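Asker: starting from these lines, generate the structure:
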Amino acid sequence: MAERYVMSIDQGTTSTRCILFDHGGRLVSVTQREHKQHFPRPGWVEHDATEIWRNLEQIGPKALAQARVGPGQVAAVGIANQRETTVLWDRHTGIPVTRAVVWQDTRTDMLVEELARRPDAYIVEELCGLHVATYFSAPTIRWLLDHTPGLRERAERGDVLFGTMESWLIWKLTGGPDGGVHVTDVTNASRTLLMNINTLSWDDTLLDFFGVPRAMLPEIRPSIQTYGVATRVVPGVRIAAALGDQQAALFGQTCFAVGEAKCTYGTGSFLLLNTGTEPVRSTHGLLTTVGYQIDDQPAVYALEGSIAITGALVQWIRDGLGLIGTAPEIETLARSVDDNGGCYIVPAFSGLFAPHWRSEARGIIVGLTSYITKGHLARAVLEATGWQTREVVDAMNADSGLDLRKLKVDGGMTANNLLMQFIADVLNVPVVRPMVAETVSLGAAYAAGLAVGYWPDLEGLRRNWHRAAQWLPAMDPRLRAEEYDNWQRAVERTFDWIKPSHEE
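Answerer: Residues are numbered from 1 along each chain as shown. Presented below is the predicted three-dimensional model:
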C-alpha cells in the first residue's frame, strides 16, 4: 500500500509554505512563496489576499510533486495562519473588498483609544480575555465598515464575509462562491475580541460594543475537526484542522499537559502556557486565549505573553547600526566579552507588550561608559531577549499558580547557543529545542492527522517529539537577582517617553 502523508499549510506574515509530513513527524517536502508587504501610509500594513491564495495554488501541487505523490496519498490538510489579520470579501464573487489588514497595522489607534475610554469598556476583557488594542481584529472590521462606502449595509445583508486567513483559505479551498465553507476555529476566533472565552461563541454584547454585524462572521468550530473536502489545490482531501500560528506551535511542541510551555523566538516572541480546560484570567499583563480544541472535547486554554521586539533587535543592530554583517555574527561578537559591562538595551521601539502594555514607552540604552564596546552592545542585545522572557514567565507563574519547570523553544533565534544558555540561566529552568524546528507547520499537521486517525492519540504525537539540544541553568543566583534588578530599573526608564499631544 502506498505511503500516506499529512499536508500542512503555514500561512505566515511574510510567506506561505506547504509541507508534507510522514507518520514519524518527519518533513518529506517543503515549498514556500513570499507575498508582497504593502505600506500605503505610515502605520498601515496590508496584504493582497488574492495573491496569497494564488501562491497556495502554486506551492500546494509543487509540494506533492516534490514528494512524487498525488492528492490521494494525502490523508488530511491542516492550516496554521498569521493571527488577527482581517480579510473581508464578497460572498458572491469571492473578491476581497479591500486588501487584508495585517495584525501589525495601527490605523485603528484613535478608534481604540475612543473605545477604551467608554465606561463599559471593562466588559471586553471580562468576556473575551483580551485588551482593546489595534492588534486584534474587531477594531479593524469596525474601521473598514466605517470608512468604506456601502460596506456596512452589504455586511448586514450577509453579502460581505469576514475571516482571518484560515477562514479565507478554507472558503477558497472548498469551493469559494460555489459552496465554500465559511468557518473559523476557536483559537483564531479567540483573537478577534468578539468571541466569549467561556462559551466559545460570538457574543452579542461584544458585537454591539464594536459594531460588527453577526451576518458577516464565520461559524466557530473546534481546531481539530473535518471542516470540508478540498475541491482545489488538493482535490478530494479533507481539511481537518486550523490553528493560529502560535497555538499551532504549542501543539507541535506537544505541550498537552497543564504547566507545559513553549516560546517561539522570531522577529518578536510569543510564550504560551497550557493552563488546562478552565481559562485563567491574567492580573499580570498576559492574554487569556484558547490553546486548541479537539472535536467536541472541552477546549484547552493558554496564557500568552507577546514580546514585540526580539529578533528585530538583532536586525536593527545589523541594518540600522551596521555593527554586524549577518544575524549569526551577533553571537560571535557577544562572545568577545565576558559580560554586558553594565550596559542594558530595552527595545521598546513601538512601546512595550507583555507584561507592561505601555504604548508610550520607547527604547533606551542605559549604563553607557567609555568602557563599553560593540561586544558589550551585542551581549546586551541578546540579554534583552532573555530578560523579556523572564518578565513574561514571572507573570505566568503568578497568574497560573504554577512554577515553570522547562521551556520548549523554537524559531530562528534558537540557533544562537549563547542566547539559549542565557535564557536557561535567567529562568533557572532547562531550555530544550526539538529535532523538527518547523513546529508551527508540524502542529497544524499533527492536528489534522489526529482528526482523521492518521495518528491515534496525543501520546502517539508525544512519542514523535525528540530533543535536539538542551541548555541547563548555570548562573549564580545572586548574580541573577542583581542583573534582573538592573534590567527592571532600565525598563522603568522607558516609561512615559511619548507624551500626549496636548503636552507636546
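
Asker: do a quick rundown of the helices in the stretch 101-250 of the chain.
Answerer: Assigned by DSSP state H, counting those that start in this stretch, the stretch 101-250 of the chain shows helices spanning 109-116, 122-128, 137-147, 151-156, 165-173, 186-189, 204-210, 245-252.

Asker: out of these, which is closest to residue 387?
Answerer: Closest to residue 387 of the helices of the stretch 101-250 of the chain, according to Cβ to Cβ: helix 245-252, at 20.9 Å. All C-beta spots, glycine's among them, are computed from the backbone N, C-alpha and C.

Asker: re the thing from before, need the winner for burial among the helices of the stretch 101-250 of the chain.
Answerer: Mean neighbour count (mean count of other Cβ atoms under 10 Å) peaks for helix 245-252 among these, with a mean of 31.

Asker: now do that helix: which elements does it pack against?
Answerer: Identification of packing neighbours for helix 245-252 by 3 or more Cβ pairs under 8 Å, 6 or more residues apart in numbering; DSSP states H and E yields strand 74-81, strand 261-265, strand 269-276, strand 287-292, strand 300-307, helix 439-451.

Asker: kindly export stretch 459-479 (C-alpha atoms) in PDB.
Answerer: Below are the C-alpha coordinates for stretch 459-479, written out as PDB (Å, rounded to 0.1, in the frame of the first residue of the first chain):
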ATOM      1  CA  GLU A 459       0.600  10.100  23.300                       C
ATOM      2  CA  GLY A 460       1.400   9.000  19.800                       C
ATOM      3  CA  LEU A 461       2.300  12.600  19.000                       C
ATOM      4  CA  ARG A 462       4.400  12.900  22.100                       C
ATOM      5  CA  ARG A 463       6.500   9.900  21.000                       C
ATOM      6  CA  ASN A 464       7.400  11.700  17.800                       C
ATOM      7  CA  TRP A 465       8.900  14.600  19.800                       C
ATOM      8  CA  HIS A 466      12.700  14.300  20.000                       C
ATOM      9  CA  ARG A 467      15.100  16.700  21.700                       C
ATOM     10  CA  ALA A 468      17.800  18.100  19.600                       C
ATOM     11  CA  ALA A 469      19.500  20.400  22.200                       C
ATOM     12  CA  GLN A 470      19.200  21.300  25.800                       C
ATOM     13  CA  TRP A 471      20.600  24.100  27.900                       C
ATOM     14  CA  LEU A 472      20.800  23.900  31.700                       C
ATOM     15  CA  PRO A 473      20.900  26.800  34.100                       C
ATOM     16  CA  ALA A 474      24.400  27.600  35.500                       C
ATOM     17  CA  MET A 475      24.200  31.200  36.700                       C
ATOM     18  CA  ASP A 476      24.900  32.200  40.300                       C
ATOM     19  CA  PRO A 477      21.600  33.100  42.000                       C
ATOM     20  CA  ARG A 478      23.000  36.300  43.400                       C
ATOM     21  CA  LEU A 479      24.200  37.500  40.000                       C
END
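
Asker: can you pull the buried residues of it?
Answerer: 461, 464-465, 471, 473, 475 (16 or more other Cβ atoms under 10 Å).

Asker: neighbours of residue 39, how many?
Answerer: Number of residues near residue 39 (other Cβ atoms under 10 Å) recorded here: 12.

Asker: ok, and the closest non-adjacent residue to it?
Answerer: residue 45 (6.2 Å; Cβ to Cβ, 6 or more residues apart in numbering).

Asker: all set, thanks.
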